[in-house]
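Peer 1: Quick one: sequence plus predicted model below, questions after.
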Amino acid sequence: MMKFICTSIRPTKLPYTELYDFEGAAKFISSYLDYEELAEPNKLPQHIPSVANVLNWQEGDSFDFAIALCSILIGTGYDAYVVYGTAPKEITTKNESLMVCPFDLGYDDQMSDEDPLVDEDE
């Protein structure tokens, strides 16, 4: 059935007080649901499931995550809404291969100008 996305957002109040603030709700959504990439990352999805289905399936795409979080936040009294847009393919496909490691592993301190793995004759 064709319908506006805003009709999929329903105030949802779960019986867990940890979800009554935005940080707890966001942490719940990000840890409880598994991310499922959109079939076509540069297009809107053809179907938007209900929040109940997404929580039952425990997986969803970016729209499902946003609508579930928004529904929980509205249910606990926040003025929340979903905004959509576009992002580079590396973001939408969770390609983290070119990301810089966020942890200081100390490799820079151990490296010297004369790296034994680099052959200067080449």
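Peer 2: Alright, I've got the coordinates.

Peer 1: Could you pull up the residues touching T76?
Peer 2: Contact partners of T76, counting by C-beta atoms under 8 Å, 6 or more residues apart in numbering, are K13, L19, Y20, D21, A25. Quick note: C-beta positions are derived from backbone N, CA and C, even for glycine.

Peer 1: tell me the phi and psi of it?
Peer 2: When read as degrees, to the nearest 10, the backbone of T76 gives phi -100, psi 10.

Peer 1: Give me the distance between it and P15.
Peer 2: Distance, T76 to P15, using C-beta to C-beta, to the nearest Å: 11 Å.

Peer 1: Of the contacts of T76, which is the most crowded?
Peer 2: Neighbour tally across the contacts of T76 (other C-beta atoms under 10 Å): the maximum, 25 neighbours, falls on A25.

Peer 1: those helices in this structure, which residues are they?
Peer 2: 22-32, 51-57, 62-75, 89-92, 107-110 (DSSP state H).

Peer 1: returning to that earlier point: take the contacts of T76 and write them to a markdown table, including pLDDT and distance to K89.
Peer 2: A markdown table is the format used below for these (pLDDT from 0 to 100; distance: C-beta to C-beta, whole Å):
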| residue | pLDDT | distance to K89 |
| --- | --- | --- |
| K13 | 76 | 36 |
| L19 | 78 | 32 |
| Y20 | 86 | 36 |
| D21 | 85 | 33 |
| A25 | 91 | 28 |
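
Peer 1: which among those residues gets closest to A66?
Peer 2: A25 (12.1 Å; C-beta to C-beta).

Peer 1: Surely the closest one touches A68?
Peer 2: No - with contacts counted by C-beta atoms under 8 Å, A25 stays clear of A68, the gap being 9.2 Å.

Peer 1: Just the mean pLDDT for stretch 47-61, thanks.
Peer 2: Here stretch 47-61 scores 88 as its mean pLDDT.
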